[in-house]
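# could you look at this predicted model? Sequence included:
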Amino acid sequence: MTLVMAQPPAVEKGPLASSILASSPAKQSTRAMVTNRTVIVSNRVPSPTEKAATAGGLAVALADAATEGSLWFGWSGRRADETSNEAAIALSDEGVTFATIDIAEREYQKFYNGFANGALWPLLHYRTGLLRFNRPDYEAYLAVNRSFAQALVPLLKPGDLIWIHDYQLMTMAAELRALGVKNRIGFFLHVPFVPPSLLQVLPPATQLMAALSACDVIGFQTAGDVAAFLENAVASLGVTPDQNNCYSYDGRQVRVVLTPIGIDAKKFAKLAERAELTPEAARLHESLGDRALVLGVDRLDYSKGLPQRFDAFGRLLYAYPQHRRAVNFLQIAARSRQEVGSYQTLRRELDRRAGDINGEFSDFDWVPLRYMTHPVKRNAIAGFYRRANIGLVTPLRDGMNLVAKEYVAAQDESNPGVLVLSKFAGAADELTEALIVNPFDADEVATAMHQGLIMSLKERRERHASLLAKVRSTTAQRFCEQFLGYLRAPRA
Ligand code: ADP
Ligand code: F6P
């Protein structure tokens with residue numbers, strides 16, 4: 001690690017607003033209720049100095065937890081030449097301190113590309129065939145988690161609530177305990193959790209379960225994930241959870257909770273409404289004419305089911321020829337983790353399939369599939385959602401999937417589009433009025449798209465009204481308050 005400051009940081013002031021954090025109304029109400037300082041820890045930290053679009057649900061969902069006075073700690077996004085061991089560098093924006101450390105290039109490769117995204121990510125998305133495990137990667141993962149803990153400790157105050165996020169940092173709580181940290185520690189997993197038969201494929205599965213049990217509260221996106229985690233706790237740690245999903249391990253009471261993430265739906269709806277006036281929206285509208293739009297917005301990740309989605313669109317054009325020339329599919333797939341082999345393979349695969357579909361169905365004045373791999377600004381995406389007749393969200397497995405919620409929030413209530421949603425996205429537990437599909441079945445997805453394209457205005461409105469009520473009630477603010485409520489509560 002390259003560590004720039006040895007002591008608790010002197011906070012630099014600067015014009016540092018990230019678009020995510022700027023002027024959230026939810027921040028005001030959360031602020032009044034917070035008595036302990038919240039310390040958010042995540043690998044990816046929204047940069048207060050750069051306003052570039054970031055693809056990824058974590059930063060979006062956590063914006064509301066970053067209230068005035070809180071600290072957000074994580075990776076700077078920089079890779080350093082050498083490993084060293086000092087302290088984090090800090091910047092502040094709207095009263096939130098962002099403290100970050102660099103990760104040495106050699107460690108980053110093994111930690112991020114190796115264990116986190118080469119082993120844990122595929123495993124937790126039920127893709128054991130893509131799992132690549134080796135000891136040096138795992139050692140680097142442990143080392144980076146240790147370095148995070150070492151750099152955080154000097155910044156901590158008694159009473160701080162430490163909230164660690166996601167699979168990149170599963171062993172950090174145990175490292176903090178080893179350094180003598182007594183604060184309440186919570187961990188939230190943004191991605192799915194798997195049952196013991198799958199988790200045990202990973203050689204250090206039991207060590208990971210033990211390390212996570214250094215937390216006071218462990219949160220998940222769905223009831224299925226909670227159940228899978230508890231099954232693992234029983235099977236690998238030999239604990240006995242009570243009816244409140246609490247168990248004792250190593251002298252500590254651990255509570256396992258369900259706290260699904262959401263978005264600030266009202267704010268997003270306003271963004272979408274205003275986005276109609278942006279040049280990007282105007283260009284999209286002009287390019288479509290009166291054709292219908294099917295839209296996919298994802299990171300370019302194999303968990304998102306993009307090849308299967310392309311195939312389903314091909315099936316739509318094949319099986320329902322009335323949509324030829326009458327519909328366009330736009331897939332925005334922001335490049336992600338491009339140093340990991342399976343992501344490179346996916347990109348080549350998508351290039352090929354997009355070419356196949358366009359080669360088969362294009363006309364001299366109509367190209368059915370538009371596919372782009374660079375990130376798009378958040379407000380432009382909001383406007384695209386609003387124009388889209390179908391929001392196509394078909395991951396093979398997803399923790400929650402915020403795109404589904406953003407799509408619902410962005411619709412014009414008087415003439416809304418239709419959400420086609422994979423049954424394997426966490427969001428499907430909640431958003432039951434979407435057209436729920438099995439993403440592995442191209443014909444089923446094609447039929448759902450067809451059904452959405454011909455659906456009556458009345459049915460679209462009814463489905464959308466129910467979905468919107470849900471998206472409005474399970475907000476990012478509620479997620480943060482719920483989790484922090486559990487973390488603040490005395491031990492069960
Ligand atoms: P994940 O966290 O796996 O990336 P989510 O659907 O939960 O998936 O969150 C994705 C977030 O990133 C959403 O807020 C979405 O708007 C944003 N996003 C996804 N794809 C893109 C893209 N291609 N360009 C810009 N932002 C994107
Ligand atoms: O939501 C899952 C997640 O992995 C987050 O932890 C992360 O911020 C986001 O997706 C994007 O991934 P990455 O940080 O690897 O670009």
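Yes, it's here. Ligands and ions are numbered 1, 2, ... in the order given.
# how about the residues of the stretch 201-350 of the chain by ligand 1?
Within the stretch 201-350 of the chain, the residues that sit near ligand 1 (CB under 6 Å from any ligand atom) are 297-299, 332-334. Backbone N, C-alpha and C define where each C-beta goes, glycine included.
# quick one: low-confidence parts of the stretch 51-200 of the chain?
51-57, 83-86 (pLDDT under 70).
# just the strands in it please.
In the stretch 51-200 of the chain, the strands defined using DSSP state E, counting those that start in this stretch lie at 71-80, 89-93, 96-104, 161-165, 185-188.
# show me where the stretch 251-400 of the chain has helices.
265-275, 279-288, 306-319, 341-361, 378-387 (DSSP state H, counting those that start in this stretch).
# now do the strands in the stretch 301-450 of the chain.
327-334, 369-372, 390-393, 418-422, 435-437.
# residue contacts, V340?
Shown in contact with V340 (CB atoms under 8 Å, 6 or more residues apart in numbering): 113, 117-118.
# so what's E105 closest to, chain neighbours aside?
Once flanking residues are discounted, E105 sits nearest to R79: 4.5 Å by CB to CB, 6 or more residues apart in numbering.
# got a list of what that neighbour touches?
R79 is in contact with 102-105, 108, counting by CB under 8 Å, 6+ apart.
# highest neighbour count among those residues?
I103 (26 neighbours; other CB atoms under 10 Å).
# that one contacts E82, correct?
No: between I103 and E82 there is no contact under CB atoms under 8 Å: 11.3 Å.
# just to revisit the earlier point, and which of the contacts of V340 is nearest ligand 2?
Comparing those against ligand 2 with CB to the nearest ligand atom places N117 closest, at 6.4 Å.
# didn't that closest one look like it was pressed against Q338?
No: N117 lies out of contact with Q338 (CB under 8 Å); the separation is 10.8 Å.
# who has more neighbours, those two?
More crowded of N117 and Q338, by other CB under 10 Å: N117, with 21 against 13.
# return the residues in contact with the more buried one.
Contacts of N117 (CB under 8 Å, 6+ apart): 337, 340.
# check the one 10 residues further on too.
Under the criterion of CB under 8 Å, 6+ apart, the contact list for R127 reads 302-303, 396-397.
# about what we covered before: JSON lines for the contacts of V340, including distance to V445?
Formatted as JSON lines, these follow (distance: CB to CB, whole Å):
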{"residue": "N113", "distance to V445": "31"}
{"residue": "N117", "distance to V445": "27"}
{"residue": "G118", "distance to V445": "29"}
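# most neighbours out of the contacts of R127, which is it?
Busiest of the contacts of R127 [other CB under 10 Å] is S303, holding 25 neighbours.
# so for that residue, what pLDDT did the model give?
Looking at S303, its pLDDT reads 98.
# distance of the nearest residue to it once chain neighbours are set aside relative to G305?
Of all residues not flanking S303 in the chain, H125 sits nearest, at 4.3 Å (CB to CB, 6+ apart). To G305, H125 is 10 Å away according to CB to CB, to the nearest Å.
# now the common contact residues for those two.
Joint contacts of H125 and G305 (CB under 8 Å, 6+ apart) are L396.
# more neighbours, the two?
G305 (26 against 22).
# tell me how far the more buried one lies from ligand 1.
Separation of G305 from ligand 1 (CB to the nearest ligand atom, to the nearest Å): 12 Å.
# got the phi and psi for that residue?
phi 70, psi 40 (degrees, to the nearest 10).
# ok, back up a step: quick one: which of the strands of the stretch 51-200 of the chain is nearest ligand 1?
Of all those, strand 161-165 comes closest under CB to the nearest ligand atom, at 11.1 Å.
# residues in contact with that closest one: which ones?
For strand 161-165, the surrounding residues in contact (CB under 8 Å, 6+ apart) are 36-43, 58, 62, 65, 152, 156, 172-173, 176, 181, 183-188, 190, 215, 483-484, 487-488.
# against ligand 2, which of those make the cut? List them.
Among the contacts of strand 161-165, ligand 2 is touched by 58, 190 when using CB under 6 Å from any ligand atom.
# OK, contacts around M449?
By CB under 8 Å, 6+ apart, the neighbours of M449 are 294, 312-313, 316, 390, 392, 420.
# and the residue of the stretch 251-400 of the chain that's closest to ligand 1?
Closest point on the stretch 251-400 of the chain to ligand 1, by CB to the nearest ligand atom, is A334, at 3.2 Å.
# next one: that residue from F111, what distance?
To F111, A334 is 22 Å away according to CB to CB.
# phi, psi for the residue of the stretch 351-492 of the chain at minimum distance from ligand 2 please.
Nearest residue of the stretch 351-492 of the chain to ligand 2: G399, at 6.1 Å (CB to the nearest ligand atom). Main-chain dihedrals, G399, degrees, to the nearest 10: phi -60, psi -60.
# burial of it, as a residue count?
Neighbour tally, G399, other CB under 10 Å: 28.
# any idea how far it is from A281?
For G399, the distance to A281 (CB to CB) stands at 29 Å.
# same check on E459?
Per CB to CB, E459 is found 26 Å from A281.
# go on, L62?
28 Å.
# neighbour count: these two, which is higher?
Taking other CB under 10 Å, L62 and A281 do not tie; L62 has more neighbours (26 against 20).
# which residues does L212 contact?
Counting by CB under 8 Å, 6+ apart, the residues that L212 touches are 170-171, 173-174, 187, 218.
# if we use 10 Å, what do you get?
The contact partners of L212, taken as CB atoms under 10 Å, 6 or more residues apart in numbering, are 164, 170-174, 187, 189, 218, 229, 232-233, 237, 249, 254, 256.
# from those, keep the buried residues only.
Among the contacts of L212, the ones that count as buried by 16 or more other CB atoms under 10 Å are 164, 170-174, 187, 189, 218, 229, 232-233, 237, 249, 254, 256.
# just the closest of those residues to ligand 1, please.
Among the buried ones among the contacts of L212, and counting by CB to the nearest ligand atom, the member closest to ligand 1 is L189, at 12.0 Å.
# I figured the closest one was touching F220, is that so?
Yes: with contacts counted by CB atoms under 10 Å, L189 reaches F220, the gap being 5.6 Å.
# shared neighbours, the two?
What both L189 and F220 touch, as defined by CB under 10 Å, 6+ apart, is the set 229, 399.
# now for the strand or helix carrying E231, which elements pack on it?
Per DSSP states H and E: E231 is located in helix 223-232. Under the contact criterion of 3 or more CB pairs under 10 Å, 6 or more residues apart in numbering; DSSP states H and E, helix 223-232 touches helix 196-199, helix 205-212, strand 217-220, strand 252-258.
# run the last query once more with 8 Å
Packing partners of helix 223-232 (3 or more CB pairs under 8 Å, 6 or more residues apart in numbering; DSSP states H and E): helix 196-199, strand 217-220, strand 252-258.
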